[in-house]
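Peer 1: Coordinates only, no sequence provided:
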């Protein structure tokens, strides 16, 4: 090829790259310029009706949380009544949840919860629409806008709205309406299972990204439903047309807004908590509740959640309003939208006075009820002990001798171990039914000999000197625990085809002389009942990912082991009155430890025992106002809103 031709081709390629770079730069500059205008428009919508918006969120949020809490507890008690039981646990879930009356009750609850969210969304959309055209509104007008939307949603054509508000929007954090509807929070053990399983991670993220794409198309469906005279199906269709050509812009704008909002809220929460701590230190040597909690970051988390619950719904709905009016044609604003959108109802002082009197009366009645119900909180609590879940598996491979020995070196009183049975009847320690996740070899334990299992290393993938770490037997672990003076929770996993599994586990426990220092646990109630038949004297703890009601009525267990999100102070109190201990699992976040301590749990199971041990040095064990304060603040932080 002639030199001149080569140079010409290179120059053309460089020119093309410069054009592409210039186009990308221009697009980026344009996006951020529009985003800045977007933020200014949000502020403008707030400034015109700021007081009304904040009061409305405060009122609707309080009503929603109180109503949801009462309805949820009432729903569960009614379902138990219908099912003829006094508690809800995994063993009776099918009987409780799948009978026709329970299904009907759950549907009614879902509709009520949807209406509570829709009420708030509609009220905010009304206020921001009024701000969009430069007009003032008031609380009564916002309430009426919410009620009109709920009345409209009663029509069967609009029942698809329940799916959007109750399920789809709460699953996402990058979309604005996720802050104005109820949260769907996966339990910790579900998140852990997803994190541990490659296939589940792929499925989860594929589903999550697909959902983002789907909701990007229908993001304005609720706006259109509330603001226009159309049913929800037509609103979805109009949202698709309105957003056409703006999908990437909308997604990037919402994602960036969410990021900025989180950074702002986290920064404000941190600054406020630390300033309160410093101010308290000026006036007293021991700055009490706030100081102790601030040291472990608990109240930074709590304040962050409160700010999110209070600010995020308003900001998110304002953002939707800005984009909605940006994309809709100017001529349609006053013609396509319902006249009710811009209607303001005048209120008299008498109406306001009656309204405030009713609110205060309800608040007073609720306060009296809560004070009487939680009078026992005046008593202080004991420090719980720590159980190393699968050993100290943050710093060593789970369910291996190094993990258990590390827990022993940390002076922990308890360890927890999962057990299976090999094809040659050896009881070994592993969480899953196969060793695939921890070795890379997909061998089913119940179908494999112990010799074959020990030919595969369980530790090389983890940083540290864990070469030649093999699957341990239960006997090895119990002998080590006996030498170290530790107690052991033995969780029965096993396989349906195992022969004499429970008998063989008990045989190992008795041979090692650990009968009085072991608590057998299982999520399978039938295994627990079998252990109770074989050895009524051995300590048992039914392990539950769902727990509600009078757990003291469960006959086949001595103690209970509960997933942390199901722990409540009243449940712990009832169990203690019956002489039963409450174990909780798996606690891997500092911000839940103070709450669990205030509830009075006996044992905290964790993957990171040193983190929990250090946190327990700082938390508050006092009773009275301090204990009630911790529980109340946690309830606010983890409220269903």
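Peer 2: Received the coordinates, thanks. The structure presented is a predicted model; accordingly, all values stated were derived computationally and were not measured. Numbering: from 1, shown residues only.

Peer 1: so where do the strands sit in this protein?
Peer 2: 87-88, 385-389, 414-421, 427-429, 487-492, 518-522, 539-544, 548-549, 559-563, 582-585, 603-606 (DSSP state E).

Peer 1: Can you check which of the ones you listed gets nearest to residue 403?
Peer 2: Closest approach to residue 403 among the strands of the chain (CB to CB): strand 385-389, 7.4 Å. Bear in mind the C-beta positions are built from the backbone N, C-alpha and C, glycine included.

Peer 1: Dump the strands of the chain into JSON lines; add mean neighbour count, mean pLDDT and distance to residue 33 as well.
Peer 2: Shown next, in JSON lines, are the strands of the chain (neighbours: other CB atoms under 10 Å; pLDDT from 0 to 100; distance: least, CB to CB, whole Å):
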{"stretch": "strand 87-88", "mean neighbour count": "21", "mean pLDDT": "94", "distance to residue 33": "55"}
{"stretch": "strand 385-389", "mean neighbour count": "26", "mean pLDDT": "97", "distance to residue 33": "51"}
{"stretch": "strand 414-421", "mean neighbour count": "25", "mean pLDDT": "98", "distance to residue 33": "56"}
{"stretch": "strand 427-429", "mean neighbour count": "26", "mean pLDDT": "98", "distance to residue 33": "60"}
{"stretch": "strand 487-492", "mean neighbour count": "24", "mean pLDDT": "98", "distance to residue 33": "58"}
{"stretch": "strand 518-522", "mean neighbour count": "25", "mean pLDDT": "98", "distance to residue 33": "59"}
{"stretch": "strand 539-544", "mean neighbour count": "24", "mean pLDDT": "97", "distance to residue 33": "54"}
{"stretch": "strand 548-549", "mean neighbour count": "20", "mean pLDDT": "92", "distance to residue 33": "53"}
{"stretch": "strand 559-563", "mean neighbour count": "24", "mean pLDDT": "96", "distance to residue 33": "48"}
{"stretch": "strand 582-585", "mean neighbour count": "25", "mean pLDDT": "97", "distance to residue 33": "51"}
{"stretch": "strand 603-606", "mean neighbour count": "26", "mean pLDDT": "97", "distance to residue 33": "48"}
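
Peer 1: Those into TSV, with extra columns for distance to residue 311?
Peer 2: Formatted as TSV, these follow (distance: least, CB to CB, whole Å):
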stretch	distance to residue 311
strand 87-88	35
strand 385-389	36
strand 414-421	40
strand 427-429	48
strand 487-492	42
strand 518-522	42
strand 539-544	36
strand 548-549	32
strand 559-563	30
strand 582-585	31
strand 603-606	32
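
Peer 1: Residue 254 against residue 319, yeah?
Peer 2: Yes: with contact defined as CB atoms under 8 Å, residue 254 counts as touching residue 319 (6.9 Å).

Peer 1: Now tell me what touches stretch 30-47 from outside.
Peer 2: 53, 128, 131-132, 249, 252-253, 256-257, 314-315, 318-319, 321-323, 326 (CB atoms under 8 Å, 6 or more residues apart in numbering).

Peer 1: which of those count as buried?
Peer 2: By neighbour count, with 16 or more other CB atoms under 10 Å, the contacts of stretch 30-47 hold 53, 128, 131-132, 249, 253, 256-257, 314-315, 318-319, 321-323 as buried.

Peer 1: and the two most separated of the residues you listed?
Peer 2: Taking CB to CB, no two of the buried ones among the contacts of stretch 30-47 sit farther apart than 53 and 249, at 25.7 Å.

Peer 1: list the contacts for residue 481?
Peer 2: Residue 481 touches 404, 408, 415, 487-488, 514, 517, counting by CB under 8 Å, 6+ apart.

Peer 1: And residue 242, by the same measure?
Peer 2: 220, 224, 324, 327-328.

Peer 1: Relative to the whole chain's centre, how far out is stretch 76-83?
Peer 2: In terms of CA atoms, centre = their mean, to the nearest Å, the centre of stretch 76-83 is set 25 Å apart from its chain centre.

Peer 1: now stretch 554-570
Peer 2: So, by CA atoms, centre = their mean, the centroid of stretch 554-570 is 19 Å from its chain's centroid.

Peer 1: List of residues touching stretch 111-121?
Peer 2: By CB under 8 Å, 6+ apart, the list of residues contacting stretch 111-121 reads 56-57, 60-61, 63-64, 67-68, 71, 146-147, 149-150, 153, 161-162, 165-166, 177, 180-182, 222, 226, 313, 317.

Peer 1: Now which of those would you call buried?
Peer 2: 56-57, 60-61, 64, 68, 146, 149-150, 153, 161-162, 165-166, 177, 180-182, 222, 226, 313, 317.

Peer 1: which intervals of the stretch 101-250 of the chain have sub-threshold pLDDT?
Peer 2: Scanning the stretch 101-250 of the chain for pLDDT under 70 picks out 170-193, 196.

Peer 1: could you redo the last one with a cut-off of 80?
Peer 2: 166-198 (pLDDT under 80).

Peer 1: do the same with the stretch 501-641 of the chain
Peer 2: For the stretch 501-641 of the chain, the ranges with pLDDT under 80 are 633-641.

Peer 1: Repeat the analysis, applying 90 as the threshold.
Peer 2: Applying pLDDT under 90 to the stretch 501-641 of the chain flags the ranges 565, 588-592, 618-619, 626, 629-641.

Peer 1: Distance-wise, check the nearest residue to residue 344 once chain neighbours are set aside relative to residue 498.
Peer 2: Spatial nearest neighbour of residue 344, excluding adjacent residues (CB to CB, 6 or more residues apart in numbering): residue 141 at 4.6 Å. As for residue 141, its distance to residue 498 is 66 Å (criterion: CB to CB, to the nearest Å).
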